[in-house]
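> Below is the sequence, then the predicted model.
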Amino acid sequence: MQVLKKWAHVTERDILEANITKYDNDEIIKYYTEKADPKFTYIEYQVIFKAIMEALAEKLGRSVKAVDICGGSGKASFIMKQCDPASEISLVDLSDKMLAVARSKMKQEGLEDIELIKTDAFSFLETTRQQFDLIVFSSAIHHFKDPVKLLSAAADKLTADGCIVTIAEPTTIIKSTRFKIVTFIFGHKEYKQDVVKSWVRYITTWGESWPAKDEFADIAEYQTYKGIDDLELSARLNSLGINPLLHLRYPSGDPLMLKIMPYMGLNWSFGMILKKGWGPGDRSLSQQLQNKIRGELPFKIDFI
Ligand SMILES: C[S@@+](CC[C@H](N)C(=O)[O-])C[C@H]1O[C@@H](n2cnc3c(N)ncnc32)[C@H](O)[C@@H]1O
């Protein structure tokens, strides 16, 4: 109970500082340096970015100018660049070490012209004079106390037809017992060992160590503590005139889990494509994006 109370009082500044520390840690950097995604995981990135980049380029009559905020080692930036090599991409991140990983992966992939900018998200959005056709938050908004404030600061930097993409964010399903059991059963050996160790610690310390050593007690991962209520987020954004062209929930993880999770009601990731205002062509654009994405993803997803 004490942890929950403290959690509510954590500030945006505390979370920023926790992220600066976390993404300076060499163990975390090693993970991002060595990480190679298994086949068919993150396939939603290819499909969603291709759909929105093609739609925007058609509307604008040119390639998009995009910024990947909290871009880390560059997953979303690289996919955008591969979708359209003529697109103009910047990647913003607060961590020198993550930017170094992105730089080295760029070399390996032969993608040299992505601009890397070291700063934090709010500072970037407050100071940039540029406008963007696409502003991307990939596995990013859970690192903020107030995602609405963040997304509305981003919306102010959009070009007239511009869109924000948020992708790979946790829904509240991650807190359900069903989700925990299924992820344990299908988890990697190391994951299972960590969970078992943590339970043994809990039992042998009469509950004293829980949840202090739990991954969700990590302030840097602030929203992961409860998961994000994506319906509430969407309603709050709507009330500010930032409208979801698309809001989807989908499974994420191992290829096997991708197939099983939707049938167990465990679409734990969500993504949105947002734009300012709602114009005459937007309903058909929304439908067109939905059809493309549903048609190209090899697993079941829900559109909200
Ligand atoms: C979970 S990683 C996601 C990286 C990448 N977007 C991806 O999808 O693989 C989160 C990244 O956000 C960065 N980050 C966290 N808080 C930030 C902030 N306030 N401003 C800028 N970057 C931030 C971290 O340094 C880290 O690289």
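The structure has been received and is ready for your questions. Numbering: from 1, shown residues only.
> Which strands and helices lie in contact with whichever strand or helix holds Ile181?
Using DSSP states H and E, Ile181 sits within helix 177-186. For helix 177-186, the packing partners by 3 or more CB pairs under 8 Å, 6 or more residues apart in numbering; DSSP states H and E come out as helix 189-204, helix 255-260. All C-beta atoms are positioned from the backbone trio N, CA, C, and that covers glycine.
> What angle do helix 189-204 and it make with each other?
120 degrees (axes from the mean of the first three to the mean of the last three CA atoms, to 10 degrees).
> Report the buried residues of helix 177-186.
Buried residues in helix 177-186, counted by 16 or more other CB atoms under 10 Å: 179, 182-183.
> Of those, which is the nearest to the ligand?
Checking the buried residues of helix 177-186 against the ligand with CB to the nearest ligand atom, the nearest one is Thr183 at 17.5 Å.
> Give me the pLDDT value at that closest one.
At Thr183, the model reports a pLDDT of 80.
> Spit out the contact partners of whatever residue of the stretch 201-304 of the chain ends up closest to the ligand.
Residue nearest to the ligand within the stretch 201-304 of the chain: Ala220 (7.0 Å; CB to the nearest ligand atom). By CB atoms under 8 Å, 6 or more residues apart in numbering, the contact set of Ala220 is 15, 18-19, 21-23, 143.
> Could you do Asn267 as well?
By CB under 8 Å, 6+ apart, Asn267 lies in contact with 171, 173, 249-251, 261, 301-302.
> which ones among those are found in strands?
Among these, the members falling in strands (DSSP state E) are 249-250, 302.
> Excluding chain neighbours, what is closest to Lys192?
Phe184 (6.4 Å; CB to CB, 6 or more residues apart in numbering).
> Now a ChimeraX select for only the buried ones of the ones in strands among the contacts of Asn267.
Those of the ones in strands among the contacts of Asn267 that count as buried under 16+ other CB under 10 Å are selected in ChimeraX with:
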select :249,250
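> Kindly present the ones in strands among the contacts of Asn267 as TSV, with separate columns for pLDDT.
Formatted as TSV, the ones in strands among the contacts of Asn267 follow (pLDDT from 0 to 100):
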residue	pLDDT
Arg249	95
Tyr250	90
Asp302	90
